[in-house]
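[1] Output the structure for:
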Amino acid sequence: MPKNKKLFRSKKDRFLAGICAGIGEYFDIDPTIVRVIFVLLTLATGIFPGLLFYFILWVIIPEER
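    Numbers count the residues shown, from 1 in each chain. From the prediction side, this is the model:
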């Protein structure tokens with residue numbers, strides 16, 4: 001029986017808001033990899049779009065209970 005996963009901001013492995021750690025937990029990958037990918041994409045797009053995207057995710061993804 002498949003486990004119903006939900007995307008949450010992590011409380012236990014957070015650096016700033018727990019977005020990257022939550023995404024890493026959801027996809028079963030190391031949160032450090034998600035962080036590195038996010039930083040590279042943010043730098044490649046001119047910083048502002050990446051930061052705006054992070055802020056939007058911070059607002060819409062609920063925190064882990």
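[2] Next, Leu40: secondary structure please.
    helix (DSSP: H, G, I helix; E, B strand; the rest coil).
[3] Show the pLDDT at it.
    Note for Leu40: predicted pLDDT of 95.
[4] Tell me, how many residues neighbour it?
    11 (other C-beta atoms under 10 Å). All C-beta spots, glycine's among them, are computed from the backbone N, C-alpha and C.
[5] Also Phe8?
    Counted with other C-beta under 10 Å, the neighbours of Phe8 add up to 18.
[6] For it, which non-adjacent residue is closest in space?
    Spatial nearest neighbour of Phe8, chain neighbours left out: Glu64 (4.1 Å); criterion: C-beta to C-beta, 6 or more residues apart in numbering.
[7] So the one you found versus Lys5, what's the distance?
    Going from Glu64 to Lys5 by C-beta to C-beta, to the nearest Å gives 12 Å.
[8] Check Asp28 too.
    Applying C-beta to C-beta, the value for Asp28 to Lys5 is 9 Å.
[9] So those two - more neighbours on which side?
    Lys5 (10 against 7).
[10] for the more buried one, helix, strand, or coil?
    Assignment for Lys5 (three-state DSSP): coil.
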